[in-house]
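A.B. asks: let me see the structure of the following:
(2 chains)
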There are 2 protein chains.
Amino acid sequence: MFEEAGDVFRSQLDKTSRPGAGASGWVLPQFETEFGATIRDVEMAYETHGVLSLSGDNVVWLCHALTGDAHVADGDGRPGWWGALIGSGKAIDTDRFFVVSANVLGGCSGTTGPASAAPGGEWAYGSTFPEVTIRDMVAAQKVLADHLGVRRILAVMGGSMGGMQALEWAVMYPELVGKAVVIAADPQFSAMGIAYNDVMRQAILTDSHYHGGDYLRYGEFPEQGLRVARMLGMISYRTATLFQERFGREVLDGEFQINRYLRYQGDKLVRRFDAQSYLALLRAMDTHDIGRDRDGLASAFARIRAELVWVGIDDDLLYSPATLRQAVEFATSCGVNARYEHIASVFGHDAFLIEFEQLRHILQVILQMP
Amino acid sequence: MFEEAGDVFRSQLDKTSRPGAGASGWVLPQFETEFGATIRDVEMAYETHGVLSLSGDNVVWLCHALTGDAHVADGDGRPGWWGALIGSGKAIDTDRFFVVSANVLGGCSGTTGPASAAPGGEWAYGSTFPEVTIRDMVAAQKVLADHLGVRRILAVMGGSMGGMQALEWAVMYPELVGKAVVIAADPQFSAMGIAYNDVMRQAILTDSHYHGGDYLRYGEFPEQGLRVARMLGMISYRTATLFQERFGREVLDGEFQINRYLRYQGDKLVRRFDAQSYLALLRAMDTHDIGRDRDGLASAFARIRAELVWVGIDDDLLYSPATLRQAVEFATSCGVNARYEHIASVFGHDAFLIEFEQLRHILQVILQMP
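C.D. replies: Purely as a prediction, here's the structure:
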């Protein structure tokens, strides 16, 4: 399964590595992580849509969530995760904007991560892949941006783990970022978020096929552990109201429909996602705290020059609207031009991948020419 | 570990099996489950406090939650789960009331369950223990009540799975029950509740020591699986606000304090609870629906003669105050004398084991002489 993914990626590498529409790959010869490790030959899978302006300033940079990837717009026979919003004449109009999305460092959809072959060896990194942070993801994307000739990012956007990246973009590269749209994400990951992540982590570690993270060497995969982790993820991304309306207590073939649905979602993820990569990304979310090693939240916010739009969603279990409104207030008190937008939805956290009509309204205002 | 528990239980059996204060045991020669299985020699561990009146009508019957037991009042060197509320002069005044609490059928704290020795064999039931329901738990308690000489239950009470039992008591034995206090429980278990249960279940099944439920025969125990299940349980019983206030992003020895806390709670449960019993009780919660095989909720509610007090808790993830208020409205529309009481708490679901001052006020009103 991961050999296959590697093949797909290598075939992507054969394509042009110059800016252009569609899926591409690029290799950073070397990347230094925030915590001091060196990763060599970092492959980066990314997609671009539209044309970069001569001044390199019409860029909309999109950051994906935990189990997302670079495939943000529809194409290649499958929908993109924001396909409804990206294209000619759409909210993120590819006739005007150069849209970029890259698979994150530590991921498993084309960019180097734990399932990638370690240099000089026949094995995948597995447990030897160094710890990466949200800042590392953004720093790697910044190198890609330079490579693509990006001089200014009109707007960086993302939801959940993508929102964490969007916010870090604004803190790390204040001169580069015009607007940052942070959807369903917080300035520092919460205790409850850390807790859910740990239960997902422990579920994977419980699987005897995990082999300390080096399962690929054994030709095994902690399927059941990753499936359970995904089931829990799905629960935290949706709402009790939604599940009650959609499934209630309905039973099919002796099994509750809600459980069949969750297991189906778990199965789907197991077929396309690496368990060790999942763990690496959970860890990156855990360490997300824009104030870390920057004298705290206030001084991190004070660095931001971008206009900040924070988007909250009804009944989001881990990123409640109340918490995000507080973040906006705090950012404002630190001198940031920040405001709050709200998505009303029964879907909860996942609404940022579903409520396109409301997102369209929010994005259209943000992307109006200044 | 379970041999020890069995020994303790057998020593309890040596005590008097007549009504009296303290921990006791009793054996039902035979019990027919709702789904048609027969369980022989059902041991029941229970506690009583206070003295049964001559007319047998001063009874307060307490039902415990998923990982609770019959030890409801302080004593024997350890606190009871409602110790603060039970005793001479307390809210449930043992000078006036005869207080009874029994470990549930399918449990593992003295009453027969999957970890108990199956009759005629040297092994525990394990996977062969028949499916039990909330109604089975209540029916077994009713036999115990008859044995004890109980003629009328002044009030039956419980939280969470205990609340489900309290409600079933009122439906199954309308002539017997005067008042039912249903705390943080619903008339039919919700889709989201079923979902959380399934993730906990799958975490246990993931553990290779589980052996299809017959781990005791292998001298093994799915410790890690049960630990993960408990961690998830704890998350769903508390609130994001509480965890943020108490733990935030604090780290000790390289580990987030919230995770250390959850794993500690997991370890504690693993030392005292049987995994297969845990699964049996999850399943009983899943099938909880007072309307099942009774022509629906309305006709089940219509059977109730008891005064119904439904208690909701702020930020209870699985039993929201809004849902419980709806249940009260619906019960009222079915002719039940029902009302809603509220516990304000940052603790969430677990507040029914913590907010004793508010519980005291609620119970004092309920237990005033008619």
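A.B. asks: how close does A:Y278 get to A:G107?
C.D. replies: Counting by CB to CB, to the nearest Å, the gap from A:Y278 to A:G107 is 10 Å. All C-beta spots, glycine's among them, are computed from the backbone N, C-alpha and C.
A.B. asks: those two: who's more crowded?
C.D. replies: A:G107 (30 against 27; other CB atoms under 10 Å in any protein chain shown).
A.B. asks: A helix includes A:D186, no?
C.D. replies: No. Read with DSSP: H, G, I helix; E, B strand; the rest coil, A:D186 is coil and lies in no helix.
A.B. asks: mind listing what it touches?
C.D. replies: A:164, A:193, A:319, A:323-324, A:327 (CB atoms under 8 Å, 6 or more residues apart in numbering or on different chains).
A.B. asks: you'd agree A:A102 is up against A:M44?
C.D. replies: Yes. Taking contacts as CB atoms under 8 Å, A:A102 lies within contact range of A:M44: 5.6 Å.
A.B. asks: these two: which is more packed in?
C.D. replies: Ranked by neighbour count (other CB under 10 Å), A:A102 and A:M44 place A:A102 first, with 30 against 25.
A.B. asks: how about stretch A:74-82 as PDB, C-alpha atoms only?
C.D. replies: Output of stretch A:74-82 as PDB, limited to C-alpha atoms (Å, rounded to 0.1, in the frame of the first residue of the first chain):
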ATOM      1  CA  ASP A  74     -11.300  19.100  -8.000                       C
ATOM      2  CA  GLY A  75      -9.300  17.300 -10.700                       C
ATOM      3  CA  ASP A  76      -7.500  14.000 -11.600                       C
ATOM      4  CA  GLY A  77     -10.900  12.300 -11.300                       C
ATOM      5  CA  ARG A  78     -11.400  13.000  -7.600                       C
ATOM      6  CA  PRO A  79     -12.900  15.900  -5.700                       C
ATOM      7  CA  GLY A  80     -10.600  18.300  -3.800                       C
ATOM      8  CA  TRP A  81     -11.200  19.000  -0.100                       C
ATOM      9  CA  TRP A  82     -12.200  22.600  -1.100                       C
END
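A.B. asks: nearest residue to the residue in the stretch 1-150 of chain A that chain B sits nearest to in space, ignoring adjacent ones along the chain?
C.D. replies: Residue of the stretch 1-150 of chain A nearest chain B, by CB to the nearest CB: A:E131 (11.6 Å). In space, and not counting its chain neighbours, A:E131 is closest to A:F35: 5.7 Å by CB to CB, 6 or more residues apart in numbering or on different chains.
A.B. asks: picking up where we left off before, what's the overlap in contacts for A:A102 and A:M44?
C.D. replies: Residues within reach of A:A102 and of A:M44 at once, by CB under 8 Å, 6+ apart, are A:111, A:140, A:144.
A.B. asks: of the residues you listed, closest to B:Y210?
C.D. replies: Closest approach to B:Y210 among the shared contacts of A:A102 and A:M44 (CB to CB): A:T111, at 36.1 Å.
A.B. asks: what's the neighbour count on that closest one?
C.D. replies: 28.
A.B. asks: with A:S333 instead?
C.D. replies: If you count neighbours by other CB under 10 Å, A:S333 ends up with 11.
A.B. asks: relative to chain B, how far out is it?
C.D. replies: Applying CB to the nearest CB, to the nearest Å, one obtains 19 Å for the distance of A:S333 from chain B.
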